[in-house]
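Asks: Sequence and predicted structure are below.
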Amino acid sequence: MKLSGAEIFLECLRREKVDTIFGYPGGVLLNIYDVLHQQRDIRHILTKHEQGAVHAADGYARASGKPGVVLVTSGPGATNTVTGIATAFMDSIPMVVFTGQVPMSMIGNDAFQEADIVGITRPCTKHNYLVSDVSKLASTIKEAFHIATHGRPGPVLIDLPKDVTVNQTEFKYPARVDLKGFKPNYEGNVQQIKRALQAIKKAERPVLFTGGGVILSNAAAELRKLARKTQIPVTSSLMGLGAYPGEDPLFLGMLGMHGTYAANMSIQNTDLIIAVGARFDDRVTGKIESFAPKAGIVHFDIDPTSIKKNIRVDIPVVGDCRNVLKEMNRLLAAERGVPWKKKHAGWLAQIEEWRKAHPMTYRERKGKIPPQYVVEQIHKLTKGEAIITTEVGQNQMWAAQFFKFKHPRQFLSSGGLGTMGYGFPAAIGAQFACPDKVVFDIAGDGSIQMNIQELATAVQHRLPVNVAILDNRFLGMVRQWQQLFYDCRYSSTCLHSGPDFVRLAEAYGAVGLRITEKADVPDAIREAIATKNTVLLDFIVDREANVMPMVPAGASIDEMMLDDGKGKKSLPKQQADKITG
Amino acid sequence: MRHTISVLVENKFGVLARVAGLFSGRGFNIETLNVAPTLDPAYSQMTIVTSGDDRILEQISKQLNRLINVIKVTDYAGDVTYLNRELVLIKVTAKAEHRAEALRITDIFRAKVVDSGPAHYTIEVTGNPAKISGVIEMLRPLGIKSVVRTGPVAMARER
Ligand SMILES: Cc1ncc(C[n+]2csc(CCOP(=O)(O)OP(=O)(O)O)c2C)c(N)n1
């Protein structure tokens, strides 16, 4: 039987077991929306802005592990997706974005609502397609899902000219995909893994460094097994948080610009870094020349381009993190007689000293709510089980520092692109993926306004999503840099003009609460958790609180400012020397 | 260092833009680029001359390999024997007093005159980059009006 392009689109999504798509209609998509209207297998969530649709699909993907799916119209609908696609691309999130396009015969004529979205998104998609003929539609969709979810995941875009959605063809869904130019290497080279194991056995002060790849490849269980067996401490990039339990004694906290003292000191003094699914972003390494000066580096990653891109690597292993760790654990099981506990006891004791010397703390000023306290309370009152999304800025860093993540896929944040406006729609997507979980978007009063319109989406679907605004009436993170490096000249970072978030929430039909006293913080959070509707909590926090520790841009990661505004305190040299000898 | 890289790609819409975009987007340099279909019209062969240190060259190869439409990447850096040929058209001013000299140079380099007029010759030369530079240097004193080069194409020798 012949099907139209629109029907084929629907049938392909069914075959890919898609249950939810996020989108926004328009002229060239009328046929597809008409088909969607007449079925019940796939629910379409109408967001209020296409950027919101892409971030929601992204949040859905990060929380569930399944690819996110987006459907938007041509021209402005398509261009509105670009920030969301670039966000997903930087963080390797599997996603398939369908954009409508003007009919084939009109492409190139500057037709109404025509945009060359394939050209525009070429550098920020893993791959993209213009489907020029309905006969190629099914195989293109099959390929797109395959590419988005295999190897290092990423967003794939399919541009659908209107006539392709109308024309008919015989429907055949290919059983498998065979792409000559796309054969990711899943199994790590066993010889290399053995070399890595030898290096671990030899190392005196090893550290595991985890990135988003551990989460993407569902390798957390293998990672935990490896770390516990070998008693190797674990630090993480922002993207890897949750891979290793935040409250485990072996966990050092986050590494890098706003990393913990213990994590940064460990890296500067380690003799072996075992990096798993990380890409050594500049926010992690600081000044690259002085990063981990005494360390050999073992690097596991599925993407060869990540290896040796930013940093020298001694033992590269290209493969899926889970497979590589599994093989490592298998080899380790046969390694009897290595007294791991004893071998690393001195090193762990040194780390304990660092931890005690400069634990993660924050300043309290009388009569003010410390923003960090709000995050701590959300952690405590959700028993560390909530899914946390963040916006970008101080809110993001405090969430990363003070919420102790237990599970992978629990912390959803725009790490690579740093997209303000990500967190709220991502929280909506995560809540659709995990209806039984408590979801909080930890937000800033600047970022939340970038996609605040999605309150309407959340309320429409009665989503119990919570937004906790750490309201400092500043673009806080930029203000912090201005305070520290530009002599307190707060150029264009003051947000004194509102809005009144409580009334705004109410206008959308959500619940809005303003909290001005520290003593009221826990109850407000409890109320939000208990409320079945969407809740927006406006925490009026200490306006000039800063994210500390901080490594200034371009400094090496042991040159940390440790205290609020007190200036640079570099590491006590004698301590570093003590353990190198 | 200068490298010659062969890239076998699917002969599809937009592939050239992907490859070119990879270079421009990452700040890599393209000195020359040559593309044409292979014997099997489903594929095209690109020859790219680029330069950079080892780390950049390694990234270029890896990034090219990451493109879905790229089938194979060969960097000829380690191969001293590979064949490397370029075709050039050179239009020289050839007034009476220079005509004999122009023809002699053409002869020495086993080049060909493919077009001539009362005041010019157009000379076609093929060869490796060293030979091409040689011809151009020899002809320069006569007065070169214009030069068009294809950029090199490369192939490994059969062993
Ligand atoms: C879309 C976008 N524009 C600009 C920036 C630059 N930027 C980074 S953090 C920040 C301030 C964020 O302010 P706010 O959301 O209030 O959060 P806070 O830092 O106060 O927690 C800005 C402007 C960005 N990351 N994303």
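Replies: Alright, I've got the coordinates.

Asks: So the residue of the stretch 251-400 of chain A found nearest chain B, which state does it fall into?
Replies: Going by C-beta to the nearest C-beta, chain B is nearest to A:Thr305 of the stretch 251-400 of chain A, at 4.3 Å. Where you see a C-beta, it was placed from the backbone N, CA and C, and this is true even at glycine. What DSSP: H, G, I helix; E, B strand; the rest coil gives for A:Thr305 is helix.

Asks: Spatially nearest residue to it, not counting backbone neighbours?
Replies: Leaving aside its sequence neighbours, A:Thr305 sits nearest to B:Lys62 (C-beta to C-beta, 6 or more residues apart in numbering or on different chains; 4.3 Å).

Asks: Nearest spatial neighbour of the residue of chain B found nearest the ligand, chain-adjacent residues omitted?
Replies: Proximity to the ligand, evaluated over chain B using C-beta to the nearest ligand atom, is greatest for B:Gly25 at 20.2 Å. Leaving out its chain neighbours, the residue that sits closest to B:Gly25 by C-beta to C-beta, 6+ apart is A:Pro123, at 5.0 Å.

Asks: Is there a neighbour count for that neighbour? I'd like the number.
Replies: By the criterion of other C-beta atoms under 10 Å in any protein chain shown, A:Pro123 has 15 neighbours.

Asks: just checking, it touches B:Gly21?
Replies: Yes - between A:Pro123 and B:Gly21 there is a contact under C-beta atoms under 8 Å: 5.7 Å.

Asks: Helix or strand with the lowest mean pLDDT in chain A?
Replies: Using mean pLDDT, DSSP states H and E, the weakest-scoring helix or strand in chain A turns out to be helix A:573-580, at a mean of 32.

Asks: Looks like the residue of the stretch 251-400 of chain A closest to chain B contacts B:Arg66 (just checking).
Replies: Yes - between A:Thr305 and B:Arg66 there is a contact under C-beta under 8 Å: 5.6 Å.

Asks: can you confirm A:Ala426 is in a helix?
Replies: Yes - with the criterion set as three-state DSSP, the secondary structure at A:Ala426 is a helix.

Asks: In contact with it: list those residues for me.
Replies: Residues in contact with A:Ala426 (C-beta atoms under 8 Å, 6 or more residues apart in numbering or on different chains) are A:His55, A:Ala56, A:Asp58, A:Gly59, A:Arg62, A:Thr389, A:Leu412, A:Asp441.

Asks: So the fourth one sits against A:Phe424, correct?
Replies: Meaning A:Gly59. No - taking contacts as C-beta under 8 Å, A:Gly59 lies outside contact range of A:Phe424: 9.2 Å.

Asks: Residues that sit against both of those two, list them.
Replies: A:Thr389.

Asks: re the thing from before, make JSON lines out of the contacts of A:Ala426 and add distance to A:Thr73.
Replies: Shown next, in JSON lines, are those (distance: C-beta to C-beta, whole Å):
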{"residue": "A:His55", "distance to A:Thr73": "18"}
{"residue": "A:Ala56", "distance to A:Thr73": "17"}
{"residue": "A:Asp58", "distance to A:Thr73": "19"}
{"residue": "A:Gly59", "distance to A:Thr73": "22"}
{"residue": "A:Arg62", "distance to A:Thr73": "25"}
{"residue": "A:Thr389", "distance to A:Thr73": "26"}
{"residue": "A:Leu412", "distance to A:Thr73": "27"}
{"residue": "A:Asp441", "distance to A:Thr73": "27"}
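
Asks: Scan the residues you listed and report the most crowded one.
Replies: So for these (other C-beta under 10 Å), the most neighbours sit at A:His55, 36 neighbours.

Asks: secondary structure element for that residue?
Replies: Per DSSP states H and E: A:His55 is located in helix A:50-64.

Asks: And the helices in the stretch 51-200 of chain A?
Replies: A:76-79, A:82-90, A:117-121, A:137-149, A:162-166, A:190-202 (DSSP state H, counting those that start in this stretch).

Asks: most packed of those?
Replies: Highest mean neighbour count among the helices of the stretch 51-200 of chain A (mean count of other C-beta atoms under 10 Å in any protein chain shown): helix A:82-90, with a mean of 25.

Asks: ok so, going back, tally up the residues packed near the residue of the stretch 251-400 of chain A closest to chain B, please.
Replies: So A:Thr305, with other C-beta under 10 Å, has 18 neighbours.

Asks: Only the buried residues of the lengthiest strand in chain B, if you could.
Replies: Longest strand in chain B, counting residues (DSSP state E): strand B:83-93. Within strand B:83-93, the residues that count as buried by 16 or more other C-beta atoms under 10 Å in any protein chain shown are B:Asn84, B:Arg85, B:Glu86, B:Leu87, B:Val88, B:Ile90, B:Lys91, B:Val92.

Asks: try stretch B:152-159
Replies: Buried-residue list, stretch B:152-159, by 16+ other C-beta under 10 Å: B:Pro152, B:Val153, B:Ala154.

Asks: Contact partners for residue 74?
Replies: By default, I'm working from chain A. A:Ser74 neighbours (C-beta under 8 Å, 6+ apart): A:Gly26, A:Gly27, A:Val28, A:Thr99, A:Gly100, A:Gln101, A:Val102, A:Gln113, A:Glu114, A:Ala115, A:Ile117.

Asks: That was the other one, I meant chain B.
Replies: B:Ile5, B:Ser6, B:Val7, B:Ala156.

Asks: cutoff 7 Å now
Replies: B:Ile5, B:Ser6 (C-beta atoms under 7 Å, 6 or more residues apart in numbering or on different chains).

Asks: how far away is it from B:Leu57?
Replies: 12 Å (C-beta to C-beta, to the nearest Å).

Asks: contacting residues around B:Ile132?
Replies: Counting by C-beta under 7 Å, 6+ apart, B:Ile132 makes contact with B:Glu86, B:Val88, B:Val125.

Asks: Closest one to A:Ala262 out of these, please.
Replies: Distance to A:Ala262, by C-beta to C-beta, is smallest for B:Glu86 among the contacts of B:Ile132, at 58.6 Å.

Asks: The closest one and A:Asn264: what is the separation?
Replies: In terms of C-beta to C-beta, B:Glu86 sits 52 Å off from A:Asn264.

Asks: A:Phe474 now?
Replies: A:Phe474 is 26 Å from A:Asn264, where distance means C-beta to C-beta.

Asks: which stretches of chain B form helices?
Replies: Along chain B, the stretches classed as helices by DSSP state H are B:15-25, B:54-66, B:96-108, B:129-139.

Asks: Can you check which of the ones you listed gets nearest to A:Gly75?
Replies: Minimum separation from A:Gly75 across the helices of chain B (C-beta to C-beta) falls at helix B:15-25, 20.4 Å.

Asks: List the buried residues of the closest one.
Replies: Across helix B:15-25, burial judged by 16+ other C-beta under 10 Å covers B:Val15, B:Arg18, B:Val19, B:Leu22, B:Phe23.

Asks: what residues are up against the residue of the stretch 251-400 of chain A closest to chain B?
Replies: Taking C-beta under 7 Å, 6+ apart as the test, what A:Thr305 contacts is B:Gln59, B:Lys62, B:Gln63, B:Arg66.

Asks: pLDDT below threshold where in chain A?
Replies: Along chain A, the parts satisfying pLDDT under 70 run over A:563-581.

Asks: The same query, at a cut-off of 50, please.
Replies: Scanning chain A with the threshold set as pLDDT under 50 gives A:564-581.

Asks: so where's the longest helix in it?
Replies: Per DSSP H, chain A has its longest helix at helix A:340-357.

Asks: right, is the next helix-or-strand element following that helix up against the ligand?
Replies: Toward the C-terminus, helix A:340-357 is succeeded by helix A:371-381 as the next helix or strand (DSSP H and E). No - for helix A:371-381, no contact with the ligand is found by C-beta under 6 Å from any ligand atom; the gap never falls below 7.4 Å.

Asks: in helix A:371-381, what's buried?
Replies: A:Pro371, A:Gln372, A:Tyr373, A:Val374, A:Val375, A:Glu376, A:Gln377, A:Ile378, A:His379, A:Leu381.
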